[in-house]
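**Q** From the sequence below, what's the structure:
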Amino acid sequence: MPPAGPGWYSSVMGTGILATLLGRETGRLPFLIVPAVALLVVGVGLLVGLTSAFMVRIARDRSALTSTITDASVVTAWGTVSMGVLSIGSAVLTVVPQLGTPEATHWAVPVDVVLWTAGTALGVVTAFGFGAVLIRRDVGHPIPAWGLPIVPPMVSATTGAALVPHVAAPLGHLALLAVTIACFWLSLFLGGLVFALAYHHHWTVGTLPIPASASAWIPLGVVGQSMAAAQSIAAQTRSVLTPAMADAGQTLADVYGFVMLVVAVPVVAWALAMTIRGFRARMPFSPAWWALTFPLGTLALGTRMLGQATGIGAVSIVGAVSIVGLACTWTLCATATLRAVWEHRRAVPAA
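**A** Residues are numbered from 1 along each chain as shown. Predicted coordinates:
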């Protein structure tokens, strides 16, 4: 059991995006507000608890921080910290207004603004910082986990676009849209390079190690999240573009979404194959199991938004199935985590 640190924030990511997805569906299925709120509470608890525990570790031993930055095999996990913060901010903005209380809605926006700002700043640092690491150091063969520091700006693009209606128009809209579009292209460019290297290596040289089997889902994160980001940005540009230009932007986002949906098919197939192989080989539990959650959540979010924008029911069904799949993988990971923590607590006194 690794101690509290960046590697555990993937649990925050998975919890936050499931809360967001259920919150978005409460209009059709009002009863989902109960699990959505429960997951939001769990996600906030995880974010606060992990951050507090990690800060205590750092106060006791400064190397607890420096080791996560200097170790190339660990530094990628800082991307999950950024995405964890962003996902909880998005869940707050999505779920809290569903409670129907003006006071709750009033504070949901500033909370998300703070979390989005912090998560975006950290995400940009992780993207450029890991890029510098790749240039300056030999960090071994490319692996899917290299994408963890690259995906956060794409999450910022999606969640930032959702904040556009809550900032002052028109300058605020323009400024925030400019940041989200820049984040979109930064993540798409770097993510395309990193995942192309990772797939090329594992398809031509060898497969993933058994303990890292769940990391095969990580590339799906940039695929699904970019679908959602394109839809979010296109929807918000209507406040600053002419109707004709906004319609053209929406069409471009729809076309991009269908291209990514096609790309997602082999990505999901490979991830499923690696995951089944890992579980058949009795893959040991680690925080890396939580990679089974967030990427699938991004596919659910992207396809639900694409289906709503185009009116194509089949695409929306893919999103609905993905939400069910995410609920199952979240339950699996949460159960495995609780079991591992319980066994660890029993073993420590005996040692």
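**Q** Can you find the helix or strand in the chain with the smallest mean pLDDT?
**A** helix 72-75 (a mean of 76; mean pLDDT, DSSP states H and E).
**Q** who does it touch, helix- and strand-wise?
**A** helix 63-70, helix 102-136 (3 or more CB pairs under 8 Å, 6 or more residues apart in numbering; DSSP states H and E). Placement of C-beta: from N, CA and C, glycine included.
**Q** Am I right that residue 167 is in contact with residue 173?
**A** Yes - contact criterion CB atoms under 8 Å: residue 167 and residue 173 qualify, at 6.5 Å.
**Q** picking up where we left off before, per-residue confidence averaged over whichever helix or strand comes after the least confident helix or strand of the chain?
**A** Counting by DSSP states H and E, the next helix or strand C-terminal to helix 72-75 is helix 78-95. Average pLDDT, helix 78-95: 95.
**Q** ditto for stretch 215-230
**A** Per-residue scores along stretch 215-230 average to 93.
**Q** Make 430 the starting number, not 1.
**A** Fine by me, first position is 430 from now on; the one you just mentioned is stretch 644-659.
**Q** Pull the distance from it to the chain's centre.
**A** 8 Å (CA atoms, centre = their mean, to the nearest Å).
**Q** got the CA coordinates for the least confident helix or strand of the chain in PDB?
**A** Extracted in PDB, the C-alpha atoms of helix 501-504 (Å, rounded to 0.1, in the frame of the first residue of the first chain):
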ATOM      1  CA  ALA A 501      10.400   9.700 -13.600                       C
ATOM      2  CA  SER A 502       8.300   6.700 -12.800                       C
ATOM      3  CA  VAL A 503       6.200   8.700 -10.300                       C
ATOM      4  CA  VAL A 504       6.200  12.200 -11.600                       C
END
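**Q** ok, now how distant is residue 758 from residue 584?
**A** 18 Å (CB to CB, to the nearest Å).
**Q** Residue 688 now?
**A** Residue 688 is 20 Å from residue 584, by CB to CB.
**Q** hang on, the earlier thing: got a markdown table for the helices and strands packed on helix 501-504, with mean neighbour count, mean pLDDT and distance to residue 485 too?
**A** Output for the helices and strands packed on helix 501-504, formatted as a markdown table (neighbours: other CB atoms under 10 Å; pLDDT from 0 to 100; distance: least, CB to CB, whole Å):
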| stretch | mean neighbour count | mean pLDDT | distance to residue 485 |
| --- | --- | --- | --- |
| helix 492-499 | 14 | 82 | 9 |
| helix 531-565 | 17 | 85 | 20 |
